[in-house]
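> coordinates for the following, if possible.
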Amino acid sequence: MVPDQRNTFNQNFSDEKYAHLLSELNKDFENAIDFRVAETPVFIDAVCNQQMLDTCDYIIDKIVDSNFTAQTNGAIPANKNVPNQTAHPHFLAFDFGICMSEQNEPVPQLIEMQGFASLFGYQAHLDDAMHSTYEIHEPYTAYYGGLNKTSYLQKLQSVIVGHHDPKHVVLLEIKPHTQKTRIDFYCTAAYTGIAIVCITELIKEGNTLFYKKNDGEKIEIKRIYNRIIFDELDQMPADIKDAGRILFENLHVEWAGHPNWFYRISKFTMPLLQHPNIPASFYVNELTSIPEDLENYVLKPLFSFAGSGVIIDVTKTDIESLPDPANWMLQQKVNYAPIIKTPTTPAKVEIRLLYLWEEGAARPFPAINIARLSKGKMIGVRYNQNETWVGGSIAYAPSNSGITIGAGSSNTLNK
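Here you go, the predicted structure:
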């Protein structure tokens, strides 16, 4: 998207440099990366970067509106409502597919969003590895609002740990050491000092939770950094599902990433939004008729994760045979542009902007991002594994574009 940066990168690329990138990523966490890492970062121009930030700002205006809670109460399944919901989500992620406008300019289109944590730890690690491998010069940065690695990790620590001693905070997941995202867990634990705990390892005494350290010491849990997706929990064996029921009790514990926000800020919210950079979306159960041009739509389950269940080539039968249409969304198809020049065929790209929301702040702020490159129909690190120049990556934009993070609770646009 920035031709001079792309051409220079491609000219200087070598397989040896890519091997060095992988070595840097693995040296402290051997065999922890269970997905394909792309050979290249993505370079974003200031205009496209600002369009993404402005779109996020529009969505955040909706989230902080006093009507948002009432509008999204129906998003939380009756059997998934966790007590003690926080005043706001601590983590937000906005996924944008990069398309081409009629003026042949890169333009972002929102694919989906989530009020849930993402690779906040790993992306800082990836940025370090990119800089140690390739020549990435200022003003290009993966951080937003004037943040650098030091200040970013301070913000991340504040949001995840709060005012507690890190030993009383846990990253909670299902079988964390077998998850494809485990590299992020290890990075986060290294950066923050918190423990990684499986849901089956929780100990409950009264309404208080504990975990045991490797030496057997029992430690009270005062805050949970939640990484559990209930959709995944529902697919687990009975013993793990039974362990998960503890989360629905009235526990004496704080949440960093309360589970209810996963439902409230999700694909469920998309039909509530109207914006030039957001494709039109409709709840299937509210359709008065099925569109004739279904080739221009994609069918998505509202609460799946990582692309699971998405139907790209939709038919009328697909829609009519849905057993639970209230849990599905029909969204106008976004035509990702093969915009990233590679040594073979060009790649498409999706960029996820990651936001943090500090306690007591009026709004969240953009912190870092994820980029994912693909040469197939689906975007995501689990797809087109046999291709090159695809997979997980990071995006760099000029540091003088975007949002400035102030000392107070609000953000200002730096036009």
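> please export the C-alpha coordinates of stretch 164-184 as PDB.
The C-alpha trace of stretch 164-184 is given here as PDB (Å, rounded to 0.1, in the frame of the first residue of the first chain):
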ATOM      1  CA  HIS A 164      -2.800  -6.100  42.200                       C
ATOM      2  CA  ASP A 165       0.500  -8.000  42.700                       C
ATOM      3  CA  PRO A 166       0.900 -10.000  39.400                       C
ATOM      4  CA  LYS A 167       1.000 -13.300  41.400                       C
ATOM      5  CA  HIS A 168      -2.700 -12.800  42.200                       C
ATOM      6  CA  VAL A 169      -3.600 -12.300  38.500                       C
ATOM      7  CA  VAL A 170      -4.000 -15.300  36.100                       C
ATOM      8  CA  LEU A 171      -4.400 -15.700  32.400                       C
ATOM      9  CA  LEU A 172      -7.300 -18.200  32.200                       C
ATOM     10  CA  GLU A 173      -7.700 -20.400  29.200                       C
ATOM     11  CA  ILE A 174      -8.800 -24.000  28.200                       C
ATOM     12  CA  LYS A 175      -5.700 -26.200  27.900                       C
ATOM     13  CA  PRO A 176      -3.500 -23.100  27.400                       C
ATOM     14  CA  HIS A 177      -0.400 -25.000  26.400                       C
ATOM     15  CA  THR A 178      -2.100 -26.700  23.500                       C
ATOM     16  CA  GLN A 179      -3.800 -23.600  22.000                       C
ATOM     17  CA  LYS A 180      -2.500 -22.200  18.700                       C
ATOM     18  CA  THR A 181      -2.200 -18.800  20.400                       C
ATOM     19  CA  ARG A 182       0.000 -20.100  23.300                       C
ATOM     20  CA  ILE A 183       2.900 -18.000  22.100                       C
ATOM     21  CA  ASP A 184       0.800 -15.000  23.100                       C
END
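> so which bits of that stretch are buried?
For stretch 164-184, the neighbour count (16 or more other C-beta atoms under 10 Å) marks 166-174, 176, 181-184 as buried. Every C-beta, even on glycine, is put in place using the N, C-alpha and C of the backbone.
> just the ones of these in helices?
182-184 (DSSP state H).
> in the stretch 151-300 of the chain, which ranges drop under the pLDDT threshold?
Along the stretch 151-300 of the chain, no part satisfies pLDDT under 70.
> and the gap between residue 129 and residue 80?
Going from residue 129 to residue 80 by C-beta to C-beta, to the nearest Å gives 37 Å.
> likewise residue 289?
Residue 289 is 31 Å from residue 80, by C-beta to C-beta.
> any idea how far stretch 181-192 is from the chain center?
When distances are taken as C-alpha atoms, centre = their mean, to the nearest Å, stretch 181-192 is centred 15 Å away from the chain's centroid.
> who's in contact with that stretch?
Under the criterion C-beta atoms under 8 Å, 6 or more residues apart in numbering, residues 25, 28-29, 32-34, 118-122, 124-125, 153, 156-157, 160-161, 166, 169, 171, 173, 176, 179, 194-196, 225, 227 lie in contact with stretch 181-192.
> just the ones in helices from those, please.
Counting by DSSP H, the contacts of stretch 181-192 place 25, 120-122, 124-125, 153, 156-157, 160-161 in helices.
> who has more neighbours, residue 289 and residue 80?
The neighbour comparison of residue 289 against residue 80 (other C-beta atoms under 10 Å) goes to residue 80, with 18 against 5.
> what sits against that one?
Residues near residue 80 by C-beta under 8 Å, 6+ apart: 230, 259, 263.
> which strands and helices sit next to the helix ranked longest in the chain?
Secondary structure of the chain read by DSSP H shows that its longest helix is helix 46-64. Using 3 or more C-beta pairs under 8 Å, 6 or more residues apart in numbering; DSSP states H and E, the elements in contact with helix 46-64 are strand 91-100, strand 106-114, strand 348-356, strand 395-398, strand 402-405, strand 411-414.
> residue 135 reaches residue 12, doesn't it?
Yes: checked against C-beta atoms under 8 Å, the pair residue 135 and residue 12 is within contact range at 6.9 Å.
> one step back: out of the ones in helices among the contacts of stretch 181-192, which is nearest to residue 329?
residue 120 (26.5 Å; C-beta to C-beta).
> could you check how far the closest residue to residue 100 other than its chain neighbours is from residue 281?
Nearest residue to residue 100, sequence neighbours excluded (C-beta to C-beta, 6 or more residues apart in numbering): residue 337, at 4.3 Å. The gap separating residue 337 from residue 281 is 21 Å, by C-beta to C-beta.
> ditto for residue 230
Residue 230 is 22 Å from residue 281, by C-beta to C-beta.
> with residue 275 instead?
The gap separating residue 275 from residue 281 is 11 Å, by C-beta to C-beta.
> dump the residue contacts of the residue nearest to residue 100.
98-100, 106, 348.
> repeat that for 10 Å
1, 97-101, 104, 106-107, 346-349 (C-beta atoms under 10 Å, 6 or more residues apart in numbering).
> repeat for residue 205
218, 220.
> check residue 22 too.
Neighbours of residue 22 in contact, by C-beta under 10 Å, 6+ apart: 33, 37, 39, 129, 133.
> that one: what secondary structure?
At residue 22 the chain is in helix, as set by DSSP: H, G, I helix; E, B strand; the rest coil.
> pLDDT value on it, please?
pLDDT recorded at residue 22 is 97.
> and the closest residue to residue 2 other than its chain neighbours, backbone torsions?
Once flanking residues are discounted, residue 2 sits nearest to residue 43: 4.1 Å by C-beta to C-beta, 6+ apart. Backbone torsions for residue 43, taken as degrees, to the nearest 10, come to phi -110, psi 120.
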